[in-house]
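quick one: sequence plus predicted model below, questions after.
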Amino acid sequence: MKLELVDGADPRAVLRGLRGAVLGAGPAIAVGTPRDDAPLPLDVPPGTAVVVTTSGSTGHPKSVSLSRSALTSSALATADRIGEGAWLLALPPGYIAGIQVLVRSLVAGREPAILSGSFSAHAFAAAASAMASSAGGTPVPTYTSLVPAQLQTILDAVDAGDAPALRALASFEAILVGGQALAPALAARAEAAGARIVRTYGSSETAGGCVYDGVPLSGVGVRIGGGEVQLSGPTLADGYLGAPDLTARAFVRDADGTRWYRTGDLGTFEGGRLRVTGRVDNVIISGGVNVSLDLVERVVRAVDGFADAVVVATPDERWGQASVVFSASAAAREPDAEASVRAAVAAELGAPARPRAVVPIAEIPLLDTGKPDRRALAALAADDGTHQRRT
(Lines give C-alpha, C1' and ligand atoms only; values in the text may rest on other atoms or scores of the structure.)
Protein backbone atom coordinates (compact mmCIF):
# COMPACT_ATOMS: atom_id res chain seq x y z
CA MET A 1 0.00 0.00 0.00
CA LYS A 2 1.25 3.47 -0.84
CA LEU A 3 2.10 5.93 1.94
CA GLU A 4 1.41 9.62 1.43
CA LEU A 5 2.98 12.31 3.61
CA VAL A 6 0.39 14.80 4.91
CA ASP A 7 1.04 18.15 6.60
CA GLY A 8 0.26 17.40 10.24
CA ALA A 9 -0.34 21.08 10.96
CA ASP A 10 -3.15 21.38 8.39
CA PRO A 11 -6.41 19.96 9.78
CA ARG A 12 -8.15 20.03 6.39
CA ALA A 13 -5.31 18.09 4.77
CA VAL A 14 -5.32 15.50 7.58
CA LEU A 15 -9.10 15.18 7.33
CA ARG A 16 -8.93 14.62 3.57
CA GLY A 17 -6.22 12.03 4.04
CA LEU A 18 -8.15 10.23 6.76
CA ARG A 19 -11.29 10.19 4.65
CA GLY A 20 -9.45 8.11 2.05
CA ALA A 21 -7.35 6.06 4.45
CA VAL A 22 -10.15 5.15 6.89
CA LEU A 23 -13.32 5.23 4.79
CA GLY A 24 -11.92 4.70 1.30
CA ALA A 25 -9.29 2.72 -0.54
CA GLY A 26 -6.30 4.72 0.61
CA PRO A 27 -3.54 5.65 0.33
CA ALA A 28 -2.28 5.39 3.90
CA ILE A 29 -1.12 8.70 5.33
CA ALA A 30 1.86 9.69 7.46
CA VAL A 31 1.46 12.60 9.87
CA GLY A 32 3.75 14.09 12.46
CA THR A 33 7.45 14.82 12.06
CA PRO A 34 9.43 11.96 10.47
CA ARG A 35 13.02 11.52 11.69
CA ASP A 36 15.78 12.74 9.38
CA ASP A 37 17.81 9.62 10.13
CA ALA A 38 14.88 7.26 9.49
CA PRO A 39 12.87 8.40 6.45
CA LEU A 40 9.49 6.75 6.02
CA PRO A 41 9.11 4.12 3.27
CA LEU A 42 6.98 4.72 0.19
CA ASP A 43 5.00 1.54 0.82
CA VAL A 44 3.48 0.10 3.99
CA PRO A 45 1.78 -3.24 4.79
CA PRO A 46 -1.81 -3.73 3.56
CA GLY A 47 -4.42 -2.52 6.02
CA THR A 48 -2.29 0.38 7.27
CA ALA A 49 -4.27 3.61 7.50
CA VAL A 50 -2.10 6.08 9.43
CA VAL A 51 1.52 6.34 10.50
CA VAL A 52 1.94 8.73 13.42
CA THR A 53 5.46 9.88 14.20
CA THR A 54 5.61 10.81 17.86
CA SER A 55 8.14 13.34 19.11
CA GLY A 56 7.78 12.53 22.79
CA SER A 57 8.62 14.88 25.67
CA THR A 58 11.61 12.85 26.83
CA GLY A 59 12.14 9.90 24.48
CA HIS A 60 13.15 9.31 20.88
CA PRO A 61 10.68 9.66 17.99
CA LYS A 62 8.85 6.52 16.87
CA SER A 63 6.66 5.97 13.81
CA VAL A 64 3.54 4.15 15.02
CA SER A 65 1.65 2.18 12.37
CA LEU A 66 -2.13 2.08 12.87
CA SER A 67 -4.61 0.04 10.87
CA ARG A 68 -8.03 1.18 9.70
CA SER A 69 -9.48 -1.45 12.03
CA ALA A 70 -7.68 -0.09 15.10
CA LEU A 71 -8.79 3.48 14.44
CA THR A 72 -12.42 2.63 13.77
CA SER A 73 -12.57 0.22 16.73
CA SER A 74 -11.43 3.05 18.98
CA ALA A 75 -13.96 5.48 17.53
CA LEU A 76 -16.85 3.01 17.89
CA ALA A 77 -15.84 2.11 21.47
CA THR A 78 -15.76 5.80 22.38
CA ALA A 79 -19.25 6.32 20.95
CA ASP A 80 -20.44 3.28 22.86
CA ARG A 81 -19.10 4.74 26.11
CA ILE A 82 -19.99 8.45 25.90
CA GLY A 83 -22.50 8.68 23.05
CA GLU A 84 -22.56 9.96 19.47
CA GLY A 85 -22.69 13.51 18.21
CA ALA A 86 -20.61 16.29 16.67
CA TRP A 87 -16.93 16.79 17.47
CA LEU A 88 -14.78 19.91 17.78
CA LEU A 89 -11.10 19.60 16.86
CA ALA A 90 -9.18 21.82 19.27
CA LEU A 91 -5.96 19.75 19.31
CA PRO A 92 -3.14 19.57 16.75
CA PRO A 93 -4.42 17.31 13.94
CA GLY A 94 -1.07 15.58 13.51
CA TYR A 95 -1.16 13.84 16.88
CA ILE A 96 -3.23 10.81 17.81
CA ALA A 97 -5.77 12.63 20.01
CA GLY A 98 -6.46 15.11 17.21
CA ILE A 99 -6.55 12.34 14.60
CA GLN A 100 -9.11 10.45 16.64
CA VAL A 101 -11.41 13.48 16.88
CA LEU A 102 -11.43 13.49 13.08
CA VAL A 103 -11.86 9.70 12.82
CA ARG A 104 -14.81 9.77 15.25
CA SER A 105 -16.43 12.44 13.09
CA LEU A 106 -15.89 10.41 9.91
CA VAL A 107 -17.23 7.21 11.46
CA ALA A 108 -20.31 9.11 12.71
CA GLY A 109 -20.85 10.61 9.26
CA ARG A 110 -20.48 14.20 10.49
CA GLU A 111 -18.16 17.00 9.49
CA PRO A 112 -15.99 18.04 12.44
CA ALA A 113 -15.89 21.60 13.67
CA ILE A 114 -12.32 22.88 13.54
CA LEU A 115 -10.79 25.51 15.80
CA SER A 116 -8.48 27.43 13.49
CA GLY A 117 -5.43 29.43 14.48
CA SER A 118 -3.84 29.54 17.91
CA PHE A 119 -5.79 28.12 20.82
CA SER A 120 -7.43 30.63 23.12
CA ALA A 121 -10.51 30.76 25.30
CA HIS A 122 -12.11 33.19 22.83
CA ALA A 123 -11.46 30.90 19.85
CA PHE A 124 -12.74 27.89 21.80
CA ALA A 125 -15.95 29.69 22.75
CA ALA A 126 -16.54 30.89 19.20
CA ALA A 127 -16.04 27.40 17.74
CA ALA A 128 -18.29 25.83 20.37
CA SER A 129 -21.13 28.30 19.79
CA ALA A 130 -21.03 27.63 16.03
CA MET A 131 -21.64 23.90 16.61
CA ALA A 132 -25.24 24.24 17.79
CA SER A 133 -27.50 22.10 15.59
CA SER A 134 -30.45 19.75 15.84
CA ALA A 135 -31.76 16.62 14.15
CA GLY A 136 -35.52 16.06 14.07
CA GLY A 137 -35.95 18.85 16.57
CA THR A 138 -33.52 17.28 19.04
CA PRO A 139 -30.22 19.08 19.82
CA VAL A 140 -27.15 17.19 18.59
CA PRO A 141 -24.76 16.44 21.48
CA THR A 142 -21.30 17.96 21.09
CA TYR A 143 -17.93 16.63 22.20
CA THR A 144 -14.34 17.75 22.20
CA SER A 145 -10.92 16.66 23.42
CA LEU A 146 -8.41 18.86 25.28
CA VAL A 147 -5.12 18.63 27.13
CA PRO A 148 -4.89 20.03 30.68
CA ALA A 149 -3.04 23.18 29.55
CA GLN A 150 -5.93 24.08 27.23
CA LEU A 151 -8.49 23.41 29.95
CA GLN A 152 -6.56 25.67 32.31
CA THR A 153 -6.49 28.45 29.70
CA ILE A 154 -10.28 28.31 29.42
CA LEU A 155 -10.81 28.16 33.19
CA ASP A 156 -8.49 31.12 33.74
CA ALA A 157 -10.68 33.09 31.31
CA VAL A 158 -13.81 31.92 33.14
CA ASP A 159 -12.34 33.06 36.44
CA ALA A 160 -11.67 36.44 34.85
CA GLY A 161 -15.36 36.79 33.97
CA ASP A 162 -15.44 35.41 30.42
CA ALA A 163 -19.12 34.41 30.09
CA PRO A 164 -18.83 32.92 26.56
CA ALA A 165 -16.03 30.63 27.74
CA LEU A 166 -18.18 29.49 30.65
CA ARG A 167 -21.12 28.75 28.34
CA ALA A 168 -18.84 26.88 25.95
CA LEU A 169 -17.44 24.61 28.65
CA ALA A 170 -20.89 23.67 29.88
CA SER A 171 -22.26 23.11 26.36
CA PHE A 172 -20.35 19.88 25.67
CA GLU A 173 -21.87 16.54 26.53
CA ALA A 174 -18.35 15.39 27.39
CA ILE A 175 -14.85 16.85 27.22
CA LEU A 176 -12.13 14.23 26.96
CA VAL A 177 -8.96 15.30 28.78
CA GLY A 178 -5.74 13.35 28.31
CA GLY A 179 -2.12 13.65 27.32
CA GLN A 180 -1.00 13.94 30.94
CA ALA A 181 -2.43 13.61 34.43
CA LEU A 182 -5.20 16.06 35.28
CA ALA A 183 -4.41 17.87 38.53
CA PRO A 184 -7.18 17.46 41.14
CA ALA A 185 -7.44 21.23 41.63
CA LEU A 186 -7.92 21.76 37.88
CA ALA A 187 -10.54 19.00 37.73
CA ALA A 188 -12.42 20.61 40.63
CA ARG A 189 -12.39 23.99 38.87
CA ALA A 190 -13.74 22.41 35.70
CA GLU A 191 -16.53 20.66 37.57
CA ALA A 192 -17.46 23.90 39.31
CA ALA A 193 -17.70 25.57 35.90
CA GLY A 194 -20.18 22.94 34.72
CA ALA A 195 -17.78 21.00 32.47
CA ARG A 196 -18.37 17.26 32.11
CA ILE A 197 -14.80 15.97 32.10
CA VAL A 198 -13.79 12.45 31.11
CA ARG A 199 -10.20 11.55 31.93
CA THR A 200 -8.62 9.45 29.21
CA TYR A 201 -5.57 7.21 29.20
CA GLY A 202 -3.84 5.82 26.14
CA SER A 203 -1.20 6.59 23.54
CA SER A 204 -0.49 6.46 19.83
CA GLU A 205 0.20 2.74 20.28
CA THR A 206 -3.42 2.22 21.45
CA ALA A 207 -5.02 4.48 18.80
CA GLY A 208 -5.54 7.14 21.46
CA GLY A 209 -7.40 6.95 24.74
CA CYS A 210 -8.62 3.43 25.51
CA VAL A 211 -9.33 3.77 29.25
CA TYR A 212 -11.89 6.38 30.33
CA ASP A 213 -12.08 7.46 33.96
CA GLY A 214 -10.08 4.37 34.85
CA VAL A 215 -12.43 1.93 33.09
CA PRO A 216 -11.26 0.21 29.87
CA LEU A 217 -13.34 0.74 26.74
CA SER A 218 -15.24 -2.25 25.35
CA GLY A 219 -12.83 -4.88 24.07
CA VAL A 220 -9.78 -3.40 25.79
CA GLY A 221 -7.90 -5.65 28.21
CA VAL A 222 -5.72 -4.47 31.09
CA ARG A 223 -3.18 -6.39 33.12
CA ILE A 224 -0.29 -5.48 35.38
CA GLY A 225 2.99 -7.27 34.71
CA GLY A 226 5.84 -6.56 37.11
CA GLY A 227 4.09 -3.34 38.11
CA GLU A 228 3.80 -2.23 34.46
CA VAL A 229 0.46 -1.45 32.82
CA GLN A 230 -0.13 -3.61 29.74
CA LEU A 231 -3.04 -3.25 27.31
CA SER A 232 -4.67 -5.52 24.74
CA GLY A 233 -7.58 -5.32 22.33
CA PRO A 234 -8.61 -4.24 18.83
CA THR A 235 -7.22 -0.70 19.14
CA LEU A 236 -3.55 -1.74 19.33
CA ALA A 237 -1.13 -0.48 16.70
CA ASP A 238 0.54 -2.91 14.33
CA GLY A 239 3.90 -1.74 15.67
CA TYR A 240 6.68 0.69 14.82
CA LEU A 241 7.32 1.15 11.13
CA GLY A 242 10.81 0.03 10.15
CA ALA A 243 11.72 -0.97 13.71
CA PRO A 244 11.00 -4.70 14.21
CA ASP A 245 13.19 -5.03 17.31
CA LEU A 246 11.45 -2.10 19.02
CA THR A 247 8.09 -3.54 18.03
CA ALA A 248 9.00 -6.95 19.49
CA ARG A 249 9.96 -5.34 22.83
CA ALA A 250 6.82 -3.23 23.11
CA PHE A 251 4.23 -5.70 21.79
CA VAL A 252 4.29 -9.20 23.26
CA ARG A 253 2.07 -12.29 23.09
CA ASP A 254 1.13 -14.47 26.02
CA ALA A 255 0.67 -18.24 26.03
CA ASP A 256 -2.88 -18.07 24.64
CA GLY A 257 -1.82 -15.79 21.78
CA THR A 258 -3.23 -12.52 23.15
CA ARG A 259 -1.16 -9.54 22.06
CA TRP A 260 -0.26 -6.98 24.72
CA TYR A 261 1.29 -3.53 24.56
CA ARG A 262 3.81 -2.72 27.29
CA THR A 263 3.06 0.91 28.12
CA GLY A 264 6.08 1.72 30.27
CA ASP A 265 3.67 3.07 32.89
CA LEU A 266 3.36 1.87 36.46
CA GLY A 267 -0.07 1.25 37.90
CA THR A 268 -2.64 -0.94 39.59
CA PHE A 269 -5.82 -2.55 38.25
CA GLU A 270 -8.34 -3.42 40.93
CA GLY A 271 -12.11 -3.74 40.78
CA GLY A 272 -12.04 -3.16 37.04
CA ARG A 273 -10.47 0.29 37.44
CA LEU A 274 -6.97 1.31 36.34
CA ARG A 275 -4.86 3.68 38.38
CA VAL A 276 -1.65 4.89 36.73
CA THR A 277 0.99 5.91 39.25
CA GLY A 278 3.90 6.97 37.05
CA ARG A 279 6.46 6.01 34.44
CA VAL A 280 8.79 3.07 34.83
CA ASP A 281 11.65 5.26 33.63
CA ASN A 282 10.74 8.44 35.55
CA VAL A 283 12.45 7.37 38.75
CA ILE A 284 15.60 8.92 40.22
CA ILE A 285 17.94 7.57 42.87
CA SER A 286 18.53 10.29 45.44
CA GLY A 287 20.87 9.41 48.26
CA GLY A 288 20.35 5.72 47.51
CA VAL A 289 16.54 6.00 47.65
CA ASN A 290 14.30 5.43 44.61
CA VAL A 291 12.00 8.43 44.08
CA SER A 292 9.17 8.49 41.53
CA LEU A 293 9.01 11.97 40.03
CA ASP A 294 5.46 11.27 38.88
CA LEU A 295 4.40 10.80 42.49
CA VAL A 296 6.30 13.92 43.54
CA GLU A 297 4.56 15.91 40.80
CA ARG A 298 1.16 14.60 41.85
CA VAL A 299 1.73 15.73 45.44
CA VAL A 300 3.05 19.15 44.37
CA ARG A 301 0.07 19.75 42.08
CA ALA A 302 -2.23 19.18 45.03
CA VAL A 303 -0.59 22.08 46.90
CA ASP A 304 -2.75 25.19 46.65
CA GLY A 305 -1.70 27.27 43.62
CA PHE A 306 0.58 24.64 42.05
CA ALA A 307 -1.79 22.89 39.65
CA ASP A 308 0.55 23.69 36.72
CA ALA A 309 3.70 22.37 38.41
CA VAL A 310 6.15 20.22 36.44
CA VAL A 311 8.82 18.20 38.25
CA VAL A 312 12.03 17.19 36.47
CA ALA A 313 15.25 15.45 37.45
CA THR A 314 18.58 17.20 37.81
CA PRO A 315 22.11 16.12 38.84
CA ASP A 316 23.03 16.78 42.47
CA GLU A 317 26.59 16.78 43.80
CA ARG A 318 25.58 15.52 47.23
CA TRP A 319 22.71 13.10 46.54
CA GLY A 320 23.52 12.02 42.97
CA GLN A 321 20.12 13.09 41.65
CA ALA A 322 17.44 15.47 42.83
CA SER A 323 14.26 17.06 41.50
CA VAL A 324 13.26 20.62 40.68
CA VAL A 325 9.74 22.03 40.56
CA PHE A 326 8.87 24.55 37.83
CA SER A 327 5.68 26.61 38.03
CA ALA A 328 4.33 29.72 36.32
CA SER A 329 1.86 30.40 39.12
CA ALA A 330 1.89 33.32 41.53
CA ALA A 331 2.16 30.79 44.34
CA ALA A 332 5.65 29.82 43.16
CA ARG A 333 6.82 33.38 43.83
CA GLU A 334 5.67 33.48 47.44
CA PRO A 335 8.52 33.61 50.00
CA ASP A 336 7.44 30.34 51.61
CA ALA A 337 6.75 28.48 48.33
CA GLU A 338 9.74 26.18 48.55
CA ALA A 339 9.19 25.35 52.21
CA SER A 340 5.49 24.61 51.64
CA VAL A 341 6.13 22.32 48.68
CA ARG A 342 8.99 20.46 50.38
CA ALA A 343 6.89 19.96 53.51
CA ALA A 344 3.94 18.59 51.52
CA VAL A 345 6.15 16.13 49.64
CA ALA A 346 7.95 15.01 52.81
CA ALA A 347 4.64 14.40 54.59
CA GLU A 348 3.29 12.30 51.73
CA LEU A 349 6.36 10.54 50.34
CA GLY A 350 9.13 10.97 52.89
CA ALA A 351 12.08 13.35 53.24
CA PRO A 352 14.24 11.83 50.44
CA ALA A 353 11.55 12.74 47.90
CA ARG A 354 11.63 16.47 48.70
CA PRO A 355 12.42 18.64 45.65
CA ARG A 356 15.66 20.58 45.81
CA ALA A 357 14.05 23.81 44.67
CA VAL A 358 10.90 25.52 43.43
CA VAL A 359 11.62 27.63 40.36
CA PRO A 360 9.20 30.37 39.26
CA ILE A 361 9.14 30.66 35.48
CA ALA A 362 7.31 33.04 33.15
CA GLU A 363 5.49 30.17 31.43
CA ILE A 364 5.79 26.42 31.19
CA PRO A 365 7.27 25.50 27.77
CA LEU A 366 4.92 23.23 25.85
CA LEU A 367 5.23 20.80 22.98
CA ASP A 368 2.84 21.09 20.04
CA THR A 369 0.67 18.48 21.76
CA GLY A 370 0.15 20.79 24.74
CA LYS A 371 2.24 18.59 27.02
CA PRO A 372 5.02 20.20 29.08
CA ASP A 373 8.40 20.16 27.36
CA ARG A 374 10.23 18.24 30.07
CA ARG A 375 13.49 18.09 28.13
CA ALA A 376 13.62 21.89 27.94
CA LEU A 377 12.88 22.18 31.66
CA ALA A 378 15.48 19.55 32.53
CA ALA A 379 18.03 21.57 30.57
CA LEU A 380 17.10 24.65 32.60
CA ALA A 381 17.39 22.69 35.84
CA ALA A 382 20.80 21.33 34.91
CA ASP A 383 22.14 24.74 33.93
CA ASP A 384 24.29 26.25 36.69
CA GLY A 385 22.30 28.59 38.91
CA THR A 386 18.90 28.05 37.34
CA HIS A 387 17.72 25.93 40.29
CA GLN A 388 18.28 28.84 42.63
CA ARG A 389 15.70 31.26 41.26
CA ARG A 390 14.40 31.91 37.76
CA THR A 391 11.63 34.42 37.04
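Yes, it's here.

pLDDT below threshold where in the stretch 1-150 of the chain?
For the stretch 1-150 of the chain, applying pLDDT under 70 flags the ranges 32-39, 55-60.

what's the neighbour count on Lys62?
Lys62 is flanked by 25 other residues according to other C-beta atoms under 10 Å. C-betas here are computed from N, CA, C, even on glycine.

the one 10 residues further on now?
The local packing of Thr72 (other C-beta under 10 Å) involves 20 other residues.

hang on, isn't it packed against Arg104?
No. Checked against C-beta atoms under 8 Å, the pair Thr72 and Arg104 is beyond contact range at 9.5 Å.

and this protein, what are its domains?
With domains defined by automatic domain parsing, the chain comprises 3-204, 282-382.

average pLDDT for the last one?
Here the mean pLDDT over domain 282-382 is 91, rounded to a whole number.

repeat for stretch 166-184
For stretch 166-184, mean pLDDT rounds to 92.

buried stuff in that stretch?
Using 16 or more other C-beta atoms under 10 Å as the test for burial, stretch 166-184 gives 166, 168-169, 171-183.

looking at these, which is nearest Val147?
Minimum separation from Val147 among the buried residues of stretch 166-184 (C-beta to C-beta) is found for Gly179, which lies at 4.0 Å.

relative to Glu228, which of the domains of the chain is closest?
domain 282-382 (12.6 Å).

which SSE is immediately downstream of the lengthiest strand in the chain?
Of all the segments of type strand in the chain, defined by DSSP state E, the longest one is strand 259-270. Once strand 259-270 ends, the next helix or strand along the chain (criterion: DSSP states H and E) is strand 273-279.

can you name every helix or strand that that next one contacts?
Secondary structure elements in contact with strand 273-279, counted by 3 or more C-beta pairs under 8 Å, 6 or more residues apart in numbering; DSSP states H and E, are strand 215-216, strand 259-270, helix 293-301.

contacting residues for Thr200?
Contact analysis of Thr200 by C-beta atoms under 8 Å, 6 or more residues apart in numbering lists Ser145, Leu176, Val177, Gly178, Gly208, Gly209, Val211, Tyr212.

possible to save those residues as a markdown table with distance to Val291?
Shown next, in a markdown table, are the contacts of Thr200 (distance: C-beta to C-beta, whole Å):
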| residue | distance to Val291 |
| --- | --- |
| Ser145 | 32 |
| Leu176 | 31 |
| Val177 | 27 |
| Gly178 | 25 |
| Gly208 | 31 |
| Gly209 | 28 |
| Val211 | 26 |
| Tyr212 | 30 |
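
find the pair from those residues with maximum spatial separation.
Farthest apart among these by C-beta to C-beta are Ser145 and Val211. That separation is 14.5 Å.

the two: which is more packed in?
Ser145 (26 against 23).

leaving out sequence neighbours, find the closest residue to the more buried one.
Leaving aside its chain neighbours, Ser145 sits nearest to Leu176 (4.2 Å; criterion: C-beta to C-beta, 6 or more residues apart in numbering).

surely the one you found meets Gln150?
No. Using C-beta under 8 Å, Leu176 makes no contact with Gln150, being 11.4 Å away.

which residues of the stretch 151-300 of the chain fall in helices?
Along the stretch 151-300 of the chain, the segments classed as helices by DSSP state H, counting those that start in this stretch run 163-171, 184-192, 244-250, 293-301.

and those, which is most packed in?
helix 293-301 (a mean of 22; mean count of other C-beta atoms under 10 Å).

quick one: list the elements packing against whatever helix or strand comes next after that one.
Toward the C-terminus, helix 293-301 is succeeded by strand 310-316 as the next helix or strand (DSSP H and E). Using 3+ C-beta pairs under 8 Å, 6+ apart as the contact test, the elements touching strand 310-316 are helix 293-301, strand 320-327, helix 374-382.

quick one, which of the ones you listed is nearest to Asp43?
Among the helices and strands packed on strand 310-316, helix 374-382 sits nearest to Asp43 (C-beta to C-beta), with 33.0 Å.

the strands in the stretch 101-250 of the chain, which residues?
Secondary structure of the stretch 101-250 of the chain (DSSP state E, counting those that start in this stretch): strands at 113-114, 134-135, 138-139, 142-146, 174-177, 197-203, 208-212, 215-216, 221-225, 228-232, 239-240.

need the longest helix for the protein.
Counting by DSSP state H, the longest helix found in the chain is helix 68-82.

give me the contact list for whichever helix or strand comes after it.
Moving toward the C-terminus from helix 68-82, the first helix or strand encountered (DSSP H and E) is strand 86-89. Taking contacts as C-beta under 8 Å, 6+ apart, the residues outside strand 86-89 that touch it are 11, 98, 101-102, 104-105, 108, 110, 112-115, 127-128, 131, 133, 140-145, 172.

repeat the analysis, applying 7 Å as the threshold.
11, 98, 101-102, 104-105, 110, 112-115, 127-128, 131, 133, 140, 142-144 (C-beta atoms under 7 Å, 6 or more residues apart in numbering).
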